[in-house]
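S.K.: heads up, no residue letters with this:
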C-alpha cells in the first residue's frame, strides 16, 4: 500500500468526499484504512462496569484504500505517490533505500 499510518489523506469518493484526516490504522488484508474524524458509525454498547449506562457511541469505520488519496503538505492539495531508490552511506557500506516521493512536486514525503 502506498498509504501508511500517520499520513494525512483526503477522501475522494463516497458520502465523506472532500474530508481530510490522519490515518489511524491500516487493515492490509482487507485493503482498508481508518481515518481520524471520517466515516463515523454508531456502535451499540452493552451495560458493563466500564459503561454503566450502555447506549450508543460513535466510532470511525474503515474506508477502502482506493477511496482516499494522500494529501501533500507542501502543495496543500491531493497527490499521487511514487518511489525512488537512493544510495546512502559511505563507500564501505552503501545501502539502497526505498523512499516515497510526491508525484506533483517531486519532494520526499
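M.R.: Yep, that arrived. Keep in mind the model is a prediction, meaning the values are calculated, not measured.
S.K.: the residue nearest to residue 96 when sequence neighbours are not counted: how many residues sit nearby?
M.R.: Nearest residue to residue 96, sequence neighbours excluded (C-beta to C-beta, 6 or more residues apart in numbering): residue 85, at 4.8 Å. Glycine gets a C-beta too; all of them are placed from N, C-alpha and C. Using other C-beta atoms under 10 Å, the number of residues around residue 85 comes to 10.
S.K.: would you agree residue 85 falls within a strand?
M.R.: Yes - under DSSP: H, G, I helix; E, B strand; the rest coil, residue 85 sits within a strand.
S.K.: quickly list what it is bridged to.
M.R.: Following DSSP bridges, residue 85 is listed with bridge partners residue 98.
S.K.: from residue 19, how far off is it?
M.R.: Residue 85 sits 34 Å away from residue 19, taking C-beta to C-beta, to the nearest Å as the criterion.
S.K.: just residue 11 next, same as before
M.R.: From residue 11 to residue 19 the distance is 5 Å (C-beta to C-beta).
S.K.: overlap of the contact sets of those two?
M.R.: Jointly contacting residue 11 and residue 19 under the rule C-beta atoms under 8 Å, 6 or more residues apart in numbering are 35, 38.
S.K.: more neighbours: which of these two?
M.R.: Higher neighbour count among residue 11 and residue 19: residue 11, with 21 against 15, using other C-beta under 10 Å.
S.K.: quick one: residues contacting the more buried one.
M.R.: Listed by C-beta under 8 Å, 6+ apart, the contact set of residue 11 reads 17-20, 35, 38-39, 63, 67-68.
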